[in-house]
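*Asks:* Let me see the structure of the following:
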Amino acid sequence: MFKTVLFPVDRSREAREAAEKVINIVKTYQARLVVISVREVVSEGQEAFHPEMTSEQTVTQLLEEAKALFAGQGIEAETIQREGHPAFTICDVADEINADLIVIGCRGTGLSEEGATDSVSNRIINLSPCPILVVP
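*Replies:* Model prediction:
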């Protein structure tokens, strides 16, 4: 059912919790796992969605940690590092790799009306070329 799973990671607790679901899905379906982390590029006068994700070094380290986590579970993960707006970039990569599923942690910031436009997971839901599992 799921041949390729895309798992976006950042430094959030929710991403770490979503990793457990990813492990289960990848093992159950013997799927290919692609882990992506997006370095946010912020224009002058704009605020980053996740300020900790604006450093290339942070993103590289995060992907190495994710790869090690999955390797410890017997899963070989491919990693992709990109820069741009997280939601758009994640959906572009999902399309490029023909992902069958995106698994993403959700911080809950899009649950209020004023936060809906700021939620990366909400934007991915609206833009994704494939099904999404949102892990609260």
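
*Asks:* Show me what the helix or strand bottoming out on mean pLDDT in the chain is packed against.
*Replies:* The helix or strand of the chain with the poorest confidence is helix 120-127; it has a mean of 92 (mean pLDDT, DSSP states H and E). Here helix 120-127 touches helix 86-96, strand 101-105, strand 132-135, going by 3 or more CB pairs under 8 Å, 6 or more residues apart in numbering; DSSP states H and E. Yep, even glycine has a C-beta here, placed from its N, CA and C like the rest.

*Asks:* Contacts only, for Leu6.
*Replies:* Going by CB atoms under 8 Å, 6 or more residues apart in numbering, Leu6 touches 34, 36, 90, 93-94, 97, 99, 101-103, 130.

*Asks:* Going along the chain, name the strands of this structure.
*Replies:* Taking DSSP state E, the strands of the chain run over residues 4-8, 32-40, 77-84, 101-105, 132-135.

*Asks:* re the thing from before, and the least confident helix or strand of the chain with strand 101-105, angle?
*Replies:* If you take axes from the mean of the first three to the mean of the last three CA atoms, to 10 degrees, helix 120-127 sits at 160 degrees to strand 101-105.

*Asks:* Just the buried residues of helix 120-127, please?
*Replies:* Neighbour-count burial for helix 120-127 flags 120-125 (criterion: 16 or more other CB atoms under 10 Å).

*Asks:* hang on, isn't Glu17 packed against Ile104?
*Replies:* No - contact criterion CB atoms under 8 Å: Glu17 and Ile104 do not qualify, at 11.1 Å.

*Asks:* out of these two, which sits in the more crowded spot?
*Replies:* For Glu17 versus Ile104, neighbours defined as other CB atoms under 10 Å are more numerous around Ile104 (26 against 13).

*Asks:* pLDDT wise, what is the more buried one at?
*Replies:* We have a pLDDT of 96 for Ile104.
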